[in-house]
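1. predicted model, plus sequence, below.
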Amino acid sequence: QVQLVESGGGLVQVGGSLRLSCAVSGGTFSIYSMGWFRQAPGKERQFVAVISADGAITYYTDSVKGRFTISRDNARNTVYLQMNSLKPEDTAVYYCAGDRWYNANNWYGSGRPSYWGKGTLVTVSS
């Protein structure tokens, strides 16, 4: 059974930075595309970023481009989301997700990745 565990959330001031981590166990991490979604209070879950299994491809939602960076360490079975220049509208529960190979529809289309963590809360205060 594939398990994803996020960490690194917390309270940060506007303009600050946080790095989220997601440790994956129980599967073959090196073949999974990995990514992040977020859900703000009262809103639908939203795609944030994805990285391909080999790290060669990354894709971001427009609102985080230039501020967030997704990366992965296949030796550690871990994916990261470095978040800089944080804004109040970045406040949300951030969910790590994984999927076999790279299916764009599952990340920023109508589908959804197969594996999910339980989420970590990021609060950006002004």
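-> Noted; the coordinates are in hand.

2. only C-alpha atoms for contact and neighbour calcs from this point on.
-> Noted.

3. quick one, what contacts W101?
-> I31, Y32, S33, S52, A53 (Cα atoms under 8 Å, 6 or more residues apart in numbering).

4. and the fourth one, how many neighbours?
-> The reference is to S52. If you count neighbours by other Cα atoms under 10 Å, S52 ends up with 23.

5. surely it and T58 touch.
-> Yes. Counting by Cα atoms under 8 Å, S52 touches T58, with 6.5 Å between them.

6. find residues that contact each of the two.
-> Residues touching both S52 and T58 (Cα under 8 Å, 6+ apart): none.

7. where does the residue sitting nearest the centre point of the chain land on pLDDT?
-> The residue lying closest to the centre of the chain (Cα atoms, centre = their mean) is W36, at 2.0 Å. Looking at W36, its pLDDT is 98.

8. what of A40?
-> For A40, the model assigns a pLDDT of 96.

9. what about stretch 63-78, distance to the chain center?
-> Distance, stretch centre to chain centre, for stretch 63-78: 8 Å (Cα atoms, centre = their mean, to the nearest Å).

10. output the worst-scoring helix or strand of the chain on mean pLDDT as CSV, restricted to C-alpha atoms.
-> Among the helical and strand segments of the chain, the one scoring lowest on mean pLDDT, DSSP states H and E is helix 104-108, with a mean of 90. Extracted in CSV, the C-alpha atoms of helix 104-108 (Å, rounded to 0.1, in the frame of the first residue of the first chain):
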residue,chain,number,x,y,z
ALA,A,104,-1.5,15.3,-17.5
ASN,A,105,-5.2,14.8,-17.3
ASN,A,106,-4.9,13.4,-13.8
TRP,A,107,-2.9,16.4,-12.6
TYR,A,108,-4.5,19.5,-14.3
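
11. packing partners for it?
-> Other helices and strands packing on helix 104-108, by 3 or more Cα pairs under 8 Å, 6 or more residues apart in numbering; DSSP states H and E, are strand 46-51.
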